[in-house]
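A.B. asks: Show me how the following folds:
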Amino acid sequence: MEKKNNKYKPGNGDEITEEMLKARKKSAKKHVLMQDADREIEELKSEIELLREELMRYKKLEEDYLDRIKRLHADYDNFRKRALREQGQTVQRANKDLIEKLLPVIDSFEQAIAMGEDLMGGQDDFLKGVIMIHGKLMETLEKEGVEVINPHGKEFNPHECEVAVTAEDDEAEEGTVLDVLRKGYKINDFLVRPAVVKVCKKS
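C.D. replies: All right, here's what the predicted structure looks like:
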């Protein structure tokens, strides 16, 4: 009785053992696994690319939001400065209006003092009281930023003075204020009332 041969003999004479079949199957399996791995790698690459694009989109959004925040902050800062400036100007205008209303009172004080000094030589107690009250009033106004414009002997300033009359004076240069007919006033660089002056003019 013949023994069975475990070898397969195909028609071309090559012999394929079971080990070779196993090796081929193993190789085919590895090939499939490699294909699966390659496919997963490609999928991961695609996901990474999508994530990168998503990240870039979020970065762009972040930059846009930061830019908007900066603009809003700048707008708010400008608004705050403008509001403070306008508030200050409103206060200054209110002070200016108040000083304008006080000027006739101040003028009356100074006229009364001048007349009293002419009549009584400044020795009357009542006159001294008026002078003291006037001094206190002017001191208070000065603390609030009020400045008297009294340019006697100085060069005429058209921004602070009005010419009421001109006169020749050999001892003064042309344009010099010879006399102050009415004092001017300003508060914190706001002109309240220009000084009315007499100015030297050469012929």
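
A.B. asks: any chance you could map the strands in this structure?
C.D. replies: Using DSSP state E, the strands assigned to the chain run over residues 146-149, 161-167, 177-182, 184-187, 190-193, 195-200.

A.B. asks: Ok, which of the ones you listed comes nearest Gly116?
C.D. replies: strand 177-182 (19.0 Å; Cβ to Cβ). In short, each C-beta sits where N, CA and C put it, glycine included.

A.B. asks: Within the sheet, what are the partner strands of that closest one, with directions?
C.D. replies: Take DSSP bridges as the rule and strand 177-182 pairs in its sheet with strand 195-200 (antiparallel).

A.B. asks: just the angle between the strand it pairs with and strand 161-167, please?
C.D. replies: Relative orientation of strand 195-200 and strand 161-167, computed by axes from the mean of the first three to the mean of the last three Cα atoms, to 10 degrees: 30 degrees.

A.B. asks: List the buried residues in strand 195-200.
C.D. replies: Ala195, Val196, Val197, Lys198, Val199, Cys200 (16 or more other Cβ atoms under 10 Å).

A.B. asks: sorry, back to before: make JSON lines out of the strands of the chain and add mean pLDDT.
C.D. replies: Formatted as JSON lines, these follow (pLDDT from 0 to 100):
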{"stretch": "strand 146-149", "mean pLDDT": "93"}
{"stretch": "strand 161-167", "mean pLDDT": "94"}
{"stretch": "strand 177-182", "mean pLDDT": "94"}
{"stretch": "strand 184-187", "mean pLDDT": "93"}
{"stretch": "strand 190-193", "mean pLDDT": "91"}
{"stretch": "strand 195-200", "mean pLDDT": "95"}
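
A.B. asks: Tabulate these (CSV), appending distance to Glu100.
C.D. replies: CSV is the format used below for the strands of the chain (distance: least, Cβ to Cβ, whole Å):
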stretch, distance to Glu100
strand 146-149, 11
strand 161-167, 16
strand 177-182, 14
strand 184-187, 9
strand 190-193, 6
strand 195-200, 15
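
A.B. asks: which one of the ones you listed lies closest to Ala37?
C.D. replies: strand 190-193 (84.1 Å).

A.B. asks: How far away from the center of its chain is the closest one?
C.D. replies: Here strand 190-193 shows a centroid-to-chain-centroid distance of 28 Å under the convention Cα atoms, centre = their mean, to the nearest Å.

A.B. asks: Now for Leu137: which residues touch it?
C.D. replies: With contacts defined as Cβ atoms under 8 Å, 6 or more residues apart in numbering, the neighbours of Leu137 are Ile106, Phe109.

A.B. asks: quick one: the helices in this protein?
C.D. replies: For the chain, the helices defined by DSSP state H occupy 18-120, 125-143.

A.B. asks: Relative to Lys183, which of those helices is closest?
C.D. replies: helix 18-120 (7.8 Å).

A.B. asks: quick check: angle from the closest one to strand 177-182?
C.D. replies: Going by the same axes, to 10 degrees, helix 18-120 makes 90 degrees with strand 177-182.

A.B. asks: separation between Glu170 and Thr176?
C.D. replies: Wrong residue type there; residue 170 is Asp, not Glu. Distance, Asp170 to Thr176, using Cβ to Cβ, to the nearest Å: 12 Å.
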